[in-house]
Every structure is written in C-alpha cells, then in structure tokens.
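Engineer: any chance you can model this:
(chains A, B, C and D)
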Amino acid sequence: MTILGSQHDLPAFRQEIRAWLADVVPADWKARMVRASNEEYIAFQRWWMAERGKVGLAVPHWPVEYGGAGLTLRHLIVIADEMARADAPQARLFIISLIHLPGTLFPHGTEAQKRRFLAGVAKGDVWCQGFSEPNSGSDLASLRTRAVRDGDHYVIDGQKIWSSNSMYADWCILLTRTDPDAQKHRGITYFIMDMRSPGVEVRPIRQANGRSEFGEIFLTNVRIPAENMIGRENNGWRVAQATLASERGVIAFEGAERQRYEIESFYRRALESDAAWLRDDQLRREFVGLLAEMQAGRRLLRRVLEESESPEASASVLPSIVKLSATVLRQRICSFMTRIAGIEGQEFAMLSEEPFGSPMFDFLSSFSGTIAGGTNEIQRNIVAERGLGMPRV
Amino acid sequence: MTILGSQHDLPAFRQEIRAWLADVVPADWKARMVRASNEEYIAFQRWWMAERGKVGLAVPHWPVEYGGAGLTLRHLIVIADEMARADAPQARLFIISLIHLPGTLFPHGTEAQKRRFLAGVAKGDVWCQGFSEPNSGSDLASLRTRAVRDGDHYVIDGQKIWSSNSMYADWCILLTRTDPDAQKHRGITYFIMDMRSPGVEVRPIRQANGRSEFGEIFLTNVRIPAENMIGRENNGWRVAQATLASERGVIAFEGAERQRYEIESFYRRALESDAAWLRDDQLRREFVGLLAEMQAGRRLLRRVLEESESPEASASVLPSIVKLSATVLRQRICSFMTRIAGIEGQEFAMLSEEPFGSPMFDFLSSFSGTIAGGTNEIQRNIVAERGLGMPRV
Amino acid sequence: MTTNETASLLDQDTLDALREGVAGVLAEQSGSSAVHAFIDGKNALGRELWDRAAALGWLGVGIPEQYGGLGLGCHGLAILHNELGRAAAPGPYVSTLSAAQAIVECGSEAVRTAWLPRIASGEIGAAVPAVPGGPGLEWSGAGVSGTMRCLGDPDAAFVLAPAGDSWVIVELAGTDVSAVPVWDRTRDLIDIGLSDAKPSAVLTDRQGVTDALLRAMALAAAADSRGGARSITERTIDYMKTRQQFGQPIAGFQALKHRAADLATKLAVMDEMVAHAVHKTATGDPDADVWVSLAKAEATETFVFVATDCVQLHGGVGFTWDYDPQVFLKRARLNEMLVMANPALRDRAAAGLAAATRAGRSALELGL
Amino acid sequence: MTTNETASLLDQDTLDALREGVAGVLAEQSGSSAVHAFIDGKNALGRELWDRAAALGWLGVGIPEQYGGLGLGCHGLAILHNELGRAAAPGPYVSTLSAAQAIVECGSEAVRTAWLPRIASGEIGAAVPAVPGGPGLEWSGAGVSGTMRCLGDPDAAFVLAPAGDSWVIVELAGTDVSAVPVWDRTRDLIDIGLSDAKPSAVLTDRQGVTDALLRAMALAAAADSRGGARSITERTIDYMKTRQQFGQPIAGFQALKHRAADLATKLAVMDEMVAHAVHKTATGDPDADVWVSLAKAEATETFVFVATDCVQLHGGVGFTWDYDPQVFLKRARLNEMLVMANPALRDRAAAGLAAATRAGRSALELGL
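Structural biologist: Below is the predicted model of the structure:
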C-alpha cells in the first residue's frame, strides 16, 4: 500500500505517512543542521523535497493535472500533524514555490505559465518573492521598481527587500511599476523573473538572531520576456492580492502544530526532571495559561483552513486575527522560555532550525512573525476597518 | 504655639499638625460617612472646611493678601502627609474652590474679582466647573454653550456636563462661545456664574459606583453681569489653560499619599492575619510589584510639584505622564484587591469616601481617574506630540 | 466549535435553532433598556424571562429527554449561557442549570426522576455554593446545619450543598435565607442558614458531585463571559461609530481602532477556548477538566479585561450608571469570582495536565 | 532623584559633572556604529573604552578617596552604569565595579588597601558569579576548587567567589578560564574552573558579602537598564520621525504615538524606581534591599518590554542585525537574568517588607 493509495481511508493514510516518516527522516538531521553551512542546508532541503516527491507528497495539495495529488484539507492536516509529530524537516526553502506561486498562477496565470512553472516546483525549483522595497514596506502599493517595455521584453530597475531565500532562488515573483503616473494601486505589473538574469544581485540581510533568511535584491537593467507577465499590464495589484491571500493560515498552521509537540516534549522533560518552575505558582500558572491560548490558536487555524475553501474567504479578516494572536503568543511563549532558562539560556546558539532548547534564538526569531508578512500594526488596521467596519478617516 | 506659628521649623510644624489632627478628626467620621445622606455629607464637608479655617489651613497655599498662609510646597507636602497619615477627611467638595479658581484668578482675574471671590472660598463657598458639554468632551474647544451680550450682561444658553459637585455649588467657572464664526479656539469667553441665577438647572449623573459626584447643568437664558467675565471676550481659551494647569499634580498628590497609608494598613492586616495571598507566589509578587510602582509614583508626583514652581512648568508633559501612570496604577491596585477579596468582595457597599475594604467600589471609582480630567487617550496624544515631538498629521 | 466536532454528537441544526430561538427571545425581551430598568427595580424582567425560559424548555436544555429535558448536553448549555451573557440577562440560570447537571451526572435514578423534571419545567430553581470547593454543612443524626454563601435567587426552592461525605438537596421553604446585595444586579447571592434541616435527597460521592458541579458552573461562567465580552465589545464599537469628537467619529482614530482590533483578537481566542472545553466535556475526554478549568479562568479574565477597556473606550459616559459598560463589567467581575479563584483553577489544570502526562496521555490532541 | 535627596550627601555639581563627562566620552567613542563594529569584531572599543575609563577615574567612582577612588558612592555608580547602558557600551563594568563595592563594604582594611587602588586605576578587572546566590566553591586545606559561571572578561585578573563560610579573591592568571559566548556581545560570561587554587584574599561573613554584591550588581543592572531603555526609546522615536509610509512619517500615526507615550510613561516610572533604590541605599536605610531588589526586577523587565516594543516599532529593519534595537534587546535580556531571577528578587523584597513591618517600621517613608 502506498501513501496516496490509502488516501480514501484517513486512518490508514495517517499510518502510512507515519511509517514513511519513521523510515525516511534521519534521526540526527537536526543535530546535523545545527550550524550547518548554507550549502549543506540547501542541499538538505532539496534532498527532503526529493524524498517527499518520491511518495507523491511534494505538492500534495495541487490538482492532479499539475502534478499534485489533489488531496483534501483533512489530508493536509494529517500530513502536517504527522510531520510535526515526527519532528520532520520543514520545506522552508520551498514556501513561495509551494504556496504563493500556485496561489497566484491558478487564478491568474496562463495555461502555458502553469504547465511550465508548476512542473518546475515539483522538480525542486526554489522561488522567492520580490514585493517589499526599502521605502515600501507596510505601504506596499507605493513601490517604485520600474518596468519599461522594450519590444517583447520589459526592462527592470529597482530594489527589493525582505525576500526570503532569494539568495538561493531560481525564480522570483516580482511586482513592478509600469505606470508611474497612475494612482498608486493602478500602475503595478506582476512578473516572473529568472533570478539568473544579468543585472540581478542579491545580498543577504542579517537578522537579530544571527541568521540570514532574507535577501535584498538589486535590479539593474534586468530583461524579462513579456510572456512572463502574470495578468495584464497595470493589473498587478489585483494579482498580488491572490499571492498574499494564498498563505492564509497554511504556514502558520504547520508552525502551530510543531509548536504543540515542542511545548509538549518540553513539558514532559520538565516533569521528568521535576523542574523548579513547576513548583512556582506564578510560572506554573503562566505556562498553563499559554497552553490554553495555544490550543485555542490551533483551533482558530483549523477554522481559517476550513474557511479558505469557502467563496467568502477573501472578505474574512480571520487570517489577520490569527496572525495577530499566533505571532504574539509565539513571542510570549519564547519569552517565557527565555525567562525560565535563567542565565544558561543566554548562551549564544545559532541554529538553522527552530526547536525549543535555545530560547533566546527562538525569541529573537519570533519577531519575524510579528513584523514580516504585513506587520501586526497593519493587521490591526485590517481587522478594525474591514472586520469591525471602523471608518478610515 | 500655633500651627502657622511653627512654620519656620518644619518638624515642629509637622508635630503641631499631627497634634491638631489627633484632636479634631472624629474617630468615627468614616463610619458615619458610609451611606450618609447627601445633606449629611455636605454638612460634614463644610464643618471640616471651617475647622481647617480655624487653624489657618483653609487655604494654606494662597498668598497672605488673599487670606492664605503663603506656605511653601514643603509645607503642603507635610500637611498632605499628615492628613493622609491621620486618615483625615479630604476637602472633596472644595477642590474647584481651592485649586482651579485661584489658579485662574491669580493670573487672569481683576483685583476686584480676586478680592470678592477668593474671600468667599475661605468662608466655605462651593465652586464647580462648567467646561465639558455632551458633545464636547475630549474636543473641549468645540463647545457650543452660547453667550450673547445684552447691555451690561451676557445671556447664556446651553448645557454642561461632568461638573463635580455642581448640585451643591454656589458658583461656577464657565466656558461659553461668544463668537460662533471664529476658529474654534478663538471664540470662547470665560465667566463666573452664580449657580442660583434663574435658568440654571442641575441634574445629578449617576456613576457606575452608584454615587452621583457629577452633575449635568442646563442653562436657559441665564444672565451674567459682564463684570464677571474673566479675561477678555473671546480670550477664554487662554484663561482656561490656566484653570487646567492649576490642578497639575496637587489633587493626585493627596490621593497618592492616602493610597500609601491605605495600602500599608491593608498589608499590615494581611500580615497579622497570615492572609493566604501572602503565601501565593503569584499574588505576593504582584503586590510588591505594585508597591514598587506606587513608590515611584509618589516620587514622580513630588517632581511635578517641584516643577510646578518653575517658569517652564507649562511646557512640561510630566503632569500627563503622571496622570497616565497614577490612574492606571490605581485601577490595577483596585483590581488586584478585588481579585484577592474573592466572592466576599462582590458584596455591594456604596461609600461616600473611598477607603480600601470595598474593593469593587474602589475599582469602579477608579475609572473617574482614567477618564475624567482629560481622558488617558488625550494624555497620550499630549505626551507623544508635545513631549516626544511626534507630528500631528 | 467546528462542525466536525458536534456533527457526530448532536444534530447541529437543533443547536443552531436553539441559538436563534434564545437570541431572538432575549433580543426582544432583554434589550439594554429592559435590563437597565430591571437593575433599577422598575420591571420584573427576571421573573418574566424565567417564565418564558421555562415555557420554551431552556431550563431543560442540558437534561436528558427521559427526565423532561431537551437533551442537548453541554453544547446546548453553552449556547444558552452564551446568549444570556450577551444580553446580561437577569436570573438564576447558572445555579439552577448547574445543579441540574450535577444531578444528571451523579444522582441516583430516583433522585433524577424526582428532581429533574421539576427543574426542566421551571417549577423549581436551585441555589448552589458560590464557590463549591469549600467546607460543607455539618450533618448529624438530626439533619444538616450550617451557613453557606450561595449563588441563586432568594426564592430558590432548594439548595444543593455538600454535607459530610455527600451532597444533599435541602428544600429552602421556611429556612433562613437572606439576600446578599452584590454589585452585579443581574444575579443574586444569598446566605443560607440551616439548622438540623432534613435533606430531601442525598447524592453520595462528595468528590464526584463537587467535580460535576464545578465543571458545570465553570462552563456556564465561561460561556456567559464569552457572550458578555462579545456583546459589550460590539456595543462599544457601535457607540464609537456614532460618537463624534474633533469632527469625526471616534471609531476613526487609529489608536482606538488598534485597541478594538486587539479586543476582537481576544474574543476570537476566547471563543475557541470555551468551545474546546465544551468539546472535551461533550466527548467525555479524560482530561476535559484541564480545559474547563482553564477556559473559566481565561474567559472570565478576558471578560474583565474587555469590559474594562470598553468602559474606557466609551469615555465619559462609560462610567455612568445609565450606559451598558458597567452592567457587563460587574457581571464579569462576579463571573471571575464564582466557582473557584482563577489562580486555583490554573493550579487544578496544571495538576490534571501533570497526571495525564505521567499516565502517558497527551492532553493536547485536537483531532482533525 | 530629587535635588533634596542628594544635596545633603554629595555635591550635586560633582555628580552632574560626572554625568556630563561620561555622557560626552561615550557619545564620542561609543556611538551606534562603533558599537556595531565592536560586535562584529571590527574594532577594539571594549579595550579602548576601558583604558579611557581608567584614565578618567570612572573605575573608582564608587571607591572611597583614601583607596584611590572618586568617593561618589552608589549615586556615582548609578550615573556611570546608566550612561554605559545608554550607549550599550561594551566592557566588564558591572562585574568589576560591583566586586569593588563588595570589597569596600566587607573587606578588611588590609584587603581594601591591597585591592581597591588597583581596581580604581584600571589595572585589574574582576569576575563575579553571574548569579551570586548559588553554591560556592569547595575549600579544603589545599585551596579552593570548583567551577563557576561568572560575569567578567576572559582576561579578568581575579574572581570574587563564595567558598565555604567566606568569599575569596582568587587570581585567574594560569587558571582554567573559558569564554561563554552569549547573545549580548557587549558583555562577557566566562566559566572558571579552579583546582586547589590559593586565595589571595579572604572576605569573611559569607552572607554579608553576598548581600553587598547582590546589592551592587542589582543597582548596576537596574541603572544600566534604565539608561538602555531610555536610549533605545529615543533612537526609535527618532527613526519613526524619519521613516515615511503612506506619505507621512510613521511617528504621525496615532496608534504608534500612543504606544510611544506609554513607553515614555514606563520610563518615567522606571527612573524613579531606580532613583528610589539608590537613595535608600545611599542613606543606609535598613530596608534598602527591598527597593534594590524591586528596582532590579522591575527595571530589567521594563527594559525588555521597551526594547521588544522598539524592535516592533521599527518594522522590518527592527529585527536586523545592523540596526540598534537588537543590541539593546539582548542587553536587556542578559540584565534580566543577571544577579538573581526576578521572581526570586520579588520574594526577597516581600520577605524584607514583612520583616520591616513586623519590626514596626514603615518601609514606605519617602521624606519630603
């Protein structure tokens, strides 16, 4: 019986995945990844993607016609749960490839674009996103990277920032300004850019946690064939909404499921070692309070996923509410862990993955949640204005 | 030796006050005031003012020429401290009389106004303030109560709200609009109004704590002699700034000193009775944390008082910072008391004074601090814009 | 809760109909001005609502059908308490319905048959200890004696109280019952004094009844808080849309918008905490009480936080007697104090979690 | 602190001159880019600053004049640590200056004469246990042995460590000292391993030295946190005034203004907490340690809160390595963990408060 072969029997499907993970995930992968070089990390990520592909789980949620397995939401929840339970690697390098690219191409791409670029993902192409600019963060629509038509190409000049894994990317989904005179949302065009094009330069950005997950992309006279435009010229803002909506909950869901196992095993170890904080009224209560919020957050994420399949999903502010609650909770959990770790927890330990055990690393990393992907301040605007109908003045 | 006679020897001054308070404050006054009728409360307040007057402490901070004792800030701190230590009554009914009226008249009143109205205060006149209106709260300058000149009088029509003790007041310091066409801060005129004038009607406003400390004032064709205008016509906004500045810290200071003794005696009783919360890590730590903030707050208030004697006082946002920290701290302290009081603390107990012991009454009363006198939201605007130089956009 | 959770247990349509029915009646009968008038002693809303609730079967919502109830279990109870909280509706629902649940769970067949139909019909209301985990009544050969502070109407027909190794049902007619005025005027506390009173029924297993009653009351307080917090937030945002200052509705000020967004976020989390506790209880999860305890602690504190901020967001009128925030704030504070102090509830949850973990169980499973 | 408090104790002008002098040197030498370069190993700021501090007498600020210091006591120390915190200046100031204070308070005349002038001159730096309340070294006839995690430079000349019933000074040349890399790169932790090392000096009265060292370190951590919190807030507000989004500086957005106002309020409270602890210590108040303990707990947590919000208020650049917020956030977290865990410090304060109250003293007197 294969994994996909058992998809009509959910418990069997779960068992197959569990067995496969027990077999395929190297017991020492996390230890190996601690302080691994960038090259080793990339190689490992590609290996993992290939392994997933062998059992049909490279792009399990895509339609069968584009190489996916066409699995349902319930299957995806099972996969995420089992991956988390097994502490399997995450496909961090492929987030844009797996989520944002199809989320954009399915509604807005041409058939040729879908066939060409989606096939590449299953083969391990790494994609990045070129949206934010140094002066266009929260105010994304003010972006100024120029695209000028030149025959059957567009010529791009400008600068992008906060582009995850752009240092390793093969392709980029790129927002540019084609009409500088139009109202700011109206002059934007969406492209697919080959990251190996002449004139593309990427510099890594070092974060507070010591790692460089993001890059800054400098674009000088970069030529993109017009056929790599997604949607129509000057209609890129609308296409970008699909990209932004595509990540609704999915990434957060995986993170929350992993957090559950991390917290649970942390607690089990504390109990076994009779940790002092368990006997401290304040700290013990704080912990169970965080646990209650964590469970509520996991339920909320399930609601976002359910909702994402409904036609009204685009009007919902639930994803913003979930981002607000989940990222702040994550920060509070990491802060709690830092506090109970005492002076030992201040020891420097930079990791390529984020398990508990180095609470300061996790705490510092948690700001990526509260700031990236639309700051929490922007999410509050969205919740108040779109969700609660409070006026924009 | 009299109290005022010992003013040049601060420790002796303190001893004299302590002795006088031990003598004059009825041991049972608080018990009597619990559920006293309004009339009894007013009579008691007037009695207390008269007693203070007998020893020269009715208006101790005023210049000697207007009937005051011309005492320094250090003397006022001693008086407040001793009053708090003795748990003496507060002169709640006379706050506008003692603070706001002189704070306005000294810089802006005519000599005749000062002689006439300040003398009344020492004799027990109760003043109220007619500033806010139902539609002009935070946006005070938008007030619409009209004053129209008619010979040597002005005729007033409109409505005022949140006027403390206006039900019992003899006089009112009143803001009106004399020029409805001017920019909103420029058409305002400041008057002294006899609360017994025909056309003045006061209705008490019931608060969440069950008491009615504030009144709503309805003004219909009320005639005020032009000589009772303070400052020039249409210059009332500037005069009002002096009124608002006058309360800087003084009232809060007295409250904070009393809170200190209340908390301290609460703690002493808890220790004597070996209260369970003292053995609870969370609650015990919460308490000492609040205590640390309380001490810091008392020091901050001393700084506001010191600063109020300097010429740069009007530019300082320290009073706003103190209001923000002290009122929120008060609310948190009352909330803590409510929590540790358990189900017993939910018993209804409406008091004319605010000691600890009925934590829910105190908790509900605490919102008067965070909302009245310029909401904390308005204070945050002031701190950010005037204190931190963040732009108004 | 998600549809999945309840589909297998109860007919979701029935629950939806219950919610709509209760919400409709309360919207009509227990609006803001009716509740304010009740608080000021100007109408008999409490009594009228009770009669209506009895007529519509609400009082039997958690009681099995064979005892005259609707058999909708804790899902149904959560819906009812949530809507009562939304309306800040007056009445002894938490005490009566929680006593009924304890009898359902722990009463003998004879006790259930004797008492549950009378509760379901609205004939009798119950009082229960406001904080059930405390010491019980004295029980000698002559009867039960002692005093106890209870949640319930002054005219409650009976009290369910711990005595010796059991819990007893004592009828209150003719006994010493005195009302304890509380800040939340939509509910009543009473002091009961008994002297050699004869129990009308006995529920053995003191711990079992204590647990059942704690669970029912905790879920009730949590659901009531959830409804109340959402309701006062909605009312506050509506007010902010109409209140004008500086030439615009105050709902347009960004600092206030961000606070409102934070309230909405808290409400969403609270929804799921309560739903999680209900789901675990309904499915008989061995660790249900971990989540029930936490749901009560978190939901009541969130209600206090939300209501406190709603007073402040109203500005001047927020702390007047005549506006809604104070009604909800007082209800929140009473909820917070009922059942068991929240620090103790969190300790209880921690103990349960430790026991589950030591037994090799994960208390964190959610299912799909 | 108020002018009154210090006037009687020290010359306020001297303290003001110290503050200006330290602030001026640090502004010139330890600006943002110099600190970032130091963190990245591109300059020797730590060493250079130490030499400058020695030359200017900062290292003797709290040491009496007869031992080569400036004799400015804990007022002077608070000013120095506050300014070092403002600049996020690198160096082993907390360990060295706190060790000196313990020697001032508890050392015999011979010990003081031998060690204090060498500290004041900058000749030797000290290491002290990062959390001094823990178990000490073993002390046998052959010497002291054991391992200890300390605050201090890897090239610290000596460690002040508890051993048996005393504290000992052990010179570290030739012993096993290993650097412990920490997130805050402006300070160093080291692990010290001693094997039958001969103490160069002994301070008897284990508890007395422990208390003196805890007091000095707590005041240092509190003052450092106060300076750091104010500094990162000011830098953040400056950034917000220049950063444009939606056609305006983000400092103009009301939601952010209100958060900045709340930070300013916290800073004002923090100022007074630290000043209160300094004042009580300087005046030899019997309950000084109550306020020192609370000041350390509150100030370090406020610093963490403030620095966390400053990361967030910066937006994207806030969590980059190249901007300032992370430098201060890491320094805040290390401060928080130093000396003693904050919950334990609050317990210590509570115990002190109870003792004072039982002895009939009020710990809350402020004076004028």
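Engineer: any idea how far A:Ile161 lies from chain D?
Structural biologist: Counting by Cβ to the nearest Cβ, to the nearest Å, the gap from A:Ile161 to chain D is 7 Å. C-beta: built from backbone N, CA, C; applies to glycine.
Engineer: brain fart, A:His100
Structural biologist: 18 Å.
Engineer: and the residue in the stretch 51-200 of chain A positioned nearest to chain B, what does it touch?
Structural biologist: Residue of the stretch 51-200 of chain A nearest chain B, by Cβ to the nearest Cβ: A:Asp139 (14.2 Å). Neighbouring residues of A:Asp139 by Cβ atoms under 8 Å, 6 or more residues apart in numbering or on different chains: D:245-247.
Engineer: do the same with C:Leu18
Structural biologist: C:61, C:70, C:72, C:76, C:79-80.
Engineer: up against chain D, what does chain C have?
Structural biologist: C:253-255, C:257-258 (Cβ under 8 Å from any Cβ of the partner chain).
Engineer: got JSON lines for those residues, with neighbour count, secondary structure and distance to C:Asp176 too?
Structural biologist: Output for these, formatted as JSON lines (neighbours: other Cβ atoms under 10 Å in any protein chain shown; DSSP: H, G, I helix; E, B strand; the rest coil; distance: Cβ to Cβ, whole Å):
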{"residue": "C:Phe253", "neighbour count": "23", "secondary structure": "coil", "distance to C:Asp176": "54"}
{"residue": "C:Gln254", "neighbour count": "22", "secondary structure": "helix", "distance to C:Asp176": "57"}
{"residue": "C:Ala255", "neighbour count": "20", "secondary structure": "helix", "distance to C:Asp176": "53"}
{"residue": "C:Lys257", "neighbour count": "26", "secondary structure": "helix", "distance to C:Asp176": "53"}
{"residue": "C:His258", "neighbour count": "23", "secondary structure": "helix", "distance to C:Asp176": "53"}
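Engineer: can you narrow those to ones near chain B?
Structural biologist: Among these, chain B is touched by C:253, C:255 when using Cβ under 8 Å from any Cβ.
Engineer: can the residues of chain C next to chain D go into TSV with extra columns for pLDDT?
Structural biologist: Shown next, in TSV, are the residues of chain C next to chain D (pLDDT from 0 to 100):
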residue	pLDDT
C:Phe253	97
C:Gln254	98
C:Ala255	98
C:Lys257	98
C:His258	98
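Engineer: now distance to chain A too, for the residues of chain C next to chain D, in CSV please.
Structural biologist: CSV is the format used below for these (distance: Cβ to the nearest Cβ, whole Å):
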residue, distance to chain A
C:Phe253, 8
C:Gln254, 7
C:Ala255, 10
C:Lys257, 4
C:His258, 4
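Engineer: for the residues of chain C next to chain D, which one is nearest chain B?
Structural biologist: For the residues of chain C next to chain D, the nearest to chain B is C:Ala255 (6.6 Å; Cβ to the nearest Cβ).
Engineer: list the contacts of that closest one.
Structural biologist: Contacts of C:Ala255 (Cβ under 8 Å, 6+ apart): B:377, B:380, D:254-255, D:257-258.
Engineer: what does A:Pro134 give?
Structural biologist: Taking Cβ under 8 Å, 6+ apart as the test, what A:Pro134 contacts is A:159, A:161, A:216.
Engineer: phi first, then psi, for it.
Structural biologist: The phi/psi pair for A:Pro134 (degrees, to the nearest 10) reads phi -50, psi -40.
Engineer: what residue of chain A is the furthest out?
Structural biologist: Largest separation from the mean C-alpha position in chain A: A:Arg279, at 37.6 Å (Cα atoms, centre = their mean).
Engineer: quick one: contacts for that one?
Structural biologist: So A:Arg279 contacts nothing (Cβ under 8 Å, 6+ apart).
Engineer: can you tell me which helix in chain C is longest?
Structural biologist: helix C:206-242 (DSSP state H).
Engineer: need the pLDDT of A:Leu73.
Structural biologist: You'll see A:Leu73 listed with a pLDDT of 81.
Engineer: any idea how far it lies from A:Leu318?
Structural biologist: In this view, A:Leu73 and A:Leu318 are 15 Å apart by Cβ to Cβ, to the nearest Å.
Engineer: neighbour count: these two, which is higher?
Structural biologist: Between A:Leu73 and A:Leu318, A:Leu318 has the larger neighbour count (other Cβ atoms under 10 Å in any protein chain shown), namely 20 against 15.
Engineer: what's the nearest residue to the residue in the stretch 51-200 of chain C that chain D sits nearest to if we skip its chain neighbours?
Structural biologist: Of the residues in the stretch 51-200 of chain C, the one nearest chain D is C:Val131, at a distance of 26.2 Å by Cβ to the nearest Cβ. Leaving aside its chain neighbours, C:Val131 sits nearest to B:Ile343 (5.6 Å; criterion: Cβ to Cβ, 6 or more residues apart in numbering or on different chains).
Engineer: what does C:Asn342 give?
Structural biologist: C:Ala297 (4.0 Å).
Engineer: could you do A:Ser246 as well?
Structural biologist: Excluding the flanking residues, the one nearest A:Ser246 by Cβ to Cβ, 6+ apart is A:Gly103, at 2.2 Å.
Engineer: touching chain D at all, whichever helix in chain A runs longest?
Structural biologist: Longest helix in chain A, counting residues (DSSP H): helix A:281-308. Yes - applying Cβ under 8 Å from any Cβ, one finds helix A:281-308 touching chain D at A:282-283.
Engineer: output the contacting helices and strands for that helix.
Structural biologist: Secondary-structure packing of helix A:281-308 (3 or more Cβ pairs under 8 Å, 6 or more residues apart in numbering or on different chains; DSSP states H and E): helix A:73-85, helix A:250-272, helix A:318-341, helix B:281-308, helix C:254-282, helix C:288-314, helix C:342-358.
Engineer: deepest of these, which one?
Structural biologist: Comparing those by mean neighbour count (mean count of other Cβ atoms under 10 Å in any protein chain shown), helix C:288-314 comes out on top with a mean of 26.
Engineer: show me how far it is from its chain's centre.
Structural biologist: From the chain centre to the centre of helix C:288-314 is a distance of 13 Å (Cα atoms, centre = their mean, to the nearest Å).
Engineer: please pull out the lowest mean pLDDT helix or strand from the chain.
Structural biologist: I'll assume chain A. helix A:29-33 (a mean of 84; mean pLDDT, DSSP states H and E).
Engineer: let's do chain C instead
Structural biologist: Of all helical and strand segments in chain C, the minimum by mean pLDDT, DSSP H and E falls on helix C:3-7, at a mean of 45.
Engineer: ok, then the element right after it?
Structural biologist: helix C:12-29 (DSSP states H and E).
Engineer: same list, the contacts of A:Pro134, but as a markdown table with distance to B:Val304, pLDDT and neighbour count please.
Structural biologist: Putting the contacts of A:Pro134 into a markdown table (distance: Cβ to Cβ, whole Å; pLDDT from 0 to 100; neighbours: other Cβ atoms under 10 Å in any protein chain shown) gives the following:
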| residue | distance to B:Val304 | pLDDT | neighbour count |
| --- | --- | --- | --- |
| A:Gln159 | 49 | 97 | 19 |
| A:Ile161 | 45 | 96 | 22 |
| A:Glu216 | 48 | 97 | 19 |
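Engineer: what's the closest of these to C:Ala17?
Structural biologist: Closest to C:Ala17 out of the contacts of A:Pro134 is A:Ile161 (53.3 Å), distances taken as Cβ to Cβ.
Engineer: ok, the closest one - contacts?
Structural biologist: Here A:Ile161 is in contact with A:132-134, A:137, A:205, A:214, A:216-217, D:316 (Cβ under 8 Å, 6+ apart).
Engineer: let's see it at 10 Å
Structural biologist: A:130-137, A:203, A:205, A:214-218, D:316-317 (Cβ atoms under 10 Å, 6 or more residues apart in numbering or on different chains).
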